[in-house]
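[1] Provided below are the primary sequence and the corresponding predicted coordinates.
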Amino acid sequence: MVLCHSRLMYVEFTVSQTMEHFLAAHEHAFAAFQGCPGRLMIDNLKSAVLRRVVGEAPTFNPRYVDFARHWGFGISACNVAKGNEKGRVENGVGYIKKKFPERSGFPRLQRGESGRRAVAGDHCKRAYPRGNAPATRGSLQGRAGAVAPLNPMPYDIGRIQSQRVSKQFRVALDTNHYSVPAELASQRVTLKAYPDRVCIYHQDKLVARHVRSYDRRQDIEDPDHPKELLAQRRKAREQRLLVQFLSLSRHAQAYLEGIEQRRMNPRHHLRKIVALGEIYGVDALDRAIRDGIEFAAYSCEYIANILAMRARETPAHGALYLTRRQDLLDIEIPAPISPPTKGMAMSIDRRMASPVQISTDALRAQLGLLKLPYLLERLNPWPRKREPSSGRMSTIWRG
């Protein structure tokens, strides 16, 4: 913005040309000039002129007209493609393009930052035709009647739009999403966008306020907004868990009371017991709960141990395999028992009366392995004697 008489130039860099930035730049220029000009000559941008037809009066933006009424200045729109009608401004634009990179006195605009402004006359001078140089603030103070005093009442420059809150309690602005309280999900709210902040209203009450972001596709959330929803979800999860546990067994209520009396975190045990029901089945879990009540074992670890022991299968006995041939000599196989007859009874009596015969071959083999030759000599039997009664030979051992 350039004052016609003093050539005092105001420069501001913004990241957008929306209505709130356009009006905010006006207010900043008025503050820098310490007053408001009587008339502004503007270009045909949509923030100020909605329709411009040659030979007809321009149609101004109602919001801009209301802003001009508040600050007390008139509006004059240039004709179409007539930039020479506001030549002082166009010359100032060319001057900034040439001198801005060379002058370190101008503040630099960082990425995503808006509202950097300066009065060009305070930083540098340029030789204009007829000796008219850009004025400084000191030269403007002597011309108090050049600008009108400012209106002490502020003007609300926020861009207003109404939209419905999403299910994730978010409202969208310039591809970014801003949070609102969770209880306002799916309700209609009023959003006011300012250059530096975003305010959200519900039924004329301010419910959320965020710093405006000029990045793309960002999610800005206030940590206090989802707290109530998280508390409700936590209660709903606990209630659903309790219903699932009580449906497992008719003794689940008694077991729940025991857990609450003996454990610090009963929800943790209930959650694991419900998961064990999905693994082992409801019937097995019902029996385990009854056993836990009987043994006063109130814990998810006790239930898991009972279910594991019940599900464990006892392995069947397999066949016995002997790896050494010598072990076969120690096996005793009982003879089959059959009903004795008269002749078998007489033969059994005779065997009991006769001396026991010992197999010397096996004994000799074992003594040979032990390398005891002196014992082998003692195995030689004495000469046999005939018994006078039975007529049989009997063997008498030396040992």
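    All right, it came through fine.
[2] going forward, measure contacts between C-alpha atoms and count neighbours the same way
    OK.
[3] mind listing the strands for the stretch 201-350 of the chain?
    Using DSSP state E, counting those that start in this stretch, the strands assigned to the stretch 201-350 of the chain run over residues 206-211, 219-220.
[4] what about the stretch 101-250 of the chain, any weak spots by pLDDT?
    The model of the stretch 101-250 of the chain has pLDDT under 70 over residues 101-146.
[5] residue ranges for the helices of it, please.
    Using DSSP state H, counting those that start in this stretch, the helices of the stretch 101-250 of the chain run over 137-141, 227-246.
[6] With distance to residue 287 as extra columns, can I get these in CSV?
    Below are the helices of the stretch 101-250 of the chain laid out as CSV (distance: least, C-alpha to C-alpha, whole Å):
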stretch, distance to residue 287
helix 137-141, 92
helix 227-246, 14
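[7] In TSV, list these along with distance to residue 217 and mean neighbour count.
    Formatted as TSV, those follow (distance: least, C-alpha to C-alpha, whole Å; neighbours: other C-alpha atoms under 10 Å):
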stretch	distance to residue 217	mean neighbour count
helix 137-141	42	13
helix 227-246	24	13
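[8] Nearest to residue 265 among the ones you listed would be which one?
    Closest of the helices of the stretch 101-250 of the chain to residue 265 is helix 227-246, at 12.3 Å (criterion: C-alpha to C-alpha).
[9] contacting residues around the closest one?
    182, 183, 252, 253, 267, 270, 271, 273, 274 (C-alpha atoms under 8 Å, 6 or more residues apart in numbering).
[10] Counting only helices, which of the residues you listed make the cut?
    With helices defined by DSSP state H, the entries of the contacts of helix 227-246 inside them are 252, 253, 267, 270, 271, 273, 274.
[11] any idea how the chain splits into domains?
    10-146, 159-225, 229-311, 357-399 (automatic domain parsing).
[12] Make TSV out of those and add distance to residue 317.
    Formatted as TSV, those follow (distance: least, C-alpha to C-alpha, whole Å):
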stretch	distance to residue 317
domain 10-146	79
domain 159-225	63
domain 229-311	19
domain 357-399	32
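[13] Compare those and give me the one nearest residue 1.
    domain 10-146 (5.1 Å).
[14] So for stretch 181-188, what gets flagged as buried?
    Neighbour counts over stretch 181-188 (16 or more other C-alpha atoms under 10 Å) mark 181, 182, 184, 185, 188 as buried.
[15] so which of those residues would you say is closest to residue 74?
    Of the buried residues of stretch 181-188, the one sitting nearest to residue 74 (C-alpha to C-alpha) turns out to be residue 188, at 36.9 Å.
[16] got a list of what the closest one touches?
    162, 163, 164, 165, 202.
[17] Try it again at 7 Å.
    163, 164, 165 (C-alpha atoms under 7 Å, 6 or more residues apart in numbering).
[18] In a markdown table: those residues, plus neighbour count and distance to residue 7.
    Output for the contacts of residue 188, formatted as a markdown table (neighbours: other C-alpha atoms under 10 Å; distance: C-alpha to C-alpha, whole Å):
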| residue | neighbour count | distance to residue 7 |
| --- | --- | --- |
| 163 | 13 | 44 |
| 164 | 16 | 47 |
| 165 | 22 | 48 |
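[19] in the stretch 251-399 of the chain, what spans have low per-residue confidence?
    Checking the stretch 251-399 of the chain against pLDDT under 70 turns up 319-399.
[20] ok, 90 please
    By pLDDT under 90, the weakly predicted segments of the stretch 251-399 of the chain are 263-267, 277-279, 281-282, 295, 309-399.
[21] quick one, phi psi at residue 59?
    Here is the backbone geometry of residue 59 (degrees, to the nearest 10): phi -100, psi 110.
[22] beta partners for it?
    residue 51 (DSSP bridges).
[23] okay, now the nearest residue to residue 85 once chain neighbours are set aside: neighbour count?
    Leaving aside its sequence neighbours, residue 85 sits nearest to residue 78 (C-alpha to C-alpha, 6 or more residues apart in numbering; 6.5 Å). Using other C-alpha atoms under 10 Å, residue 78 has 17 other residues around it.
[24] Look up how far residue 62 lies from residue 78.
    18 Å (C-alpha to C-alpha, to the nearest Å).
[25] and the ones in helices among the contacts of helix 227-246, which two are the farthest apart?
    Among these, 253 and 271 lie farthest apart (C-alpha to C-alpha), at 14.8 Å.
[26] returning to what we had before: show me which of the contacts of helix 227-246 are buried.
    182, 252, 267, 270, 271, 273, 274.
[27] and of the buried residues of stretch 181-188, the nearest to residue 45?
    residue 188 (31.0 Å).
[28] What's opposite that closest one in the beta bridge?
    residue 164.
[29] what's the distance between it and residue 62?
    25 Å.
[30] now residue 14: how far from residue 300?
    With C-alpha to C-alpha as the criterion, residue 14 and residue 300 are 63 Å apart.
[31] more crowded one of the two?
    Higher neighbour count among residue 14 and residue 300: residue 300, with 21 against 17, using other C-alpha under 10 Å.
[32] do you know how far that one is from residue 76?
    From residue 300 to residue 76 the distance is 81 Å (C-alpha to C-alpha).
[33] which SSE is residue 45 in?
    Counting by DSSP states H and E, there is no helix or strand that carries residue 45.
[34] Could you give the backbone dihedrals for it?
    Dihedral angles (degrees, to the nearest 10) for residue 45: phi -80, psi 150.
[35] Count the residues that sit near it.
    Residue 45 has 13 nearby residues by other C-alpha under 10 Å.
[36] same question, residue 303
    22.
[37] from memory it sits against residue 288, does it?
    Yes - the pair residue 303 and residue 288 passes the contact test of C-alpha atoms under 7 Å, sitting 6.0 Å apart.
[38] Kindly provide the distance from residue 302 to residue 288.
    From residue 302 to residue 288 the distance is 9 Å (C-alpha to C-alpha).
[39] thinking again about what came up before, export the contacts of helix 227-246 to a markdown table and tack on distance to residue 210?
    Shown next, in a markdown table, are these (distance: C-alpha to C-alpha, whole Å):
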| residue | distance to residue 210 |
| --- | --- |
| 182 | 16 |
| 183 | 18 |
| 252 | 49 |
| 253 | 48 |
| 267 | 37 |
| 270 | 41 |
| 271 | 39 |
| 273 | 45 |
| 274 | 43 |
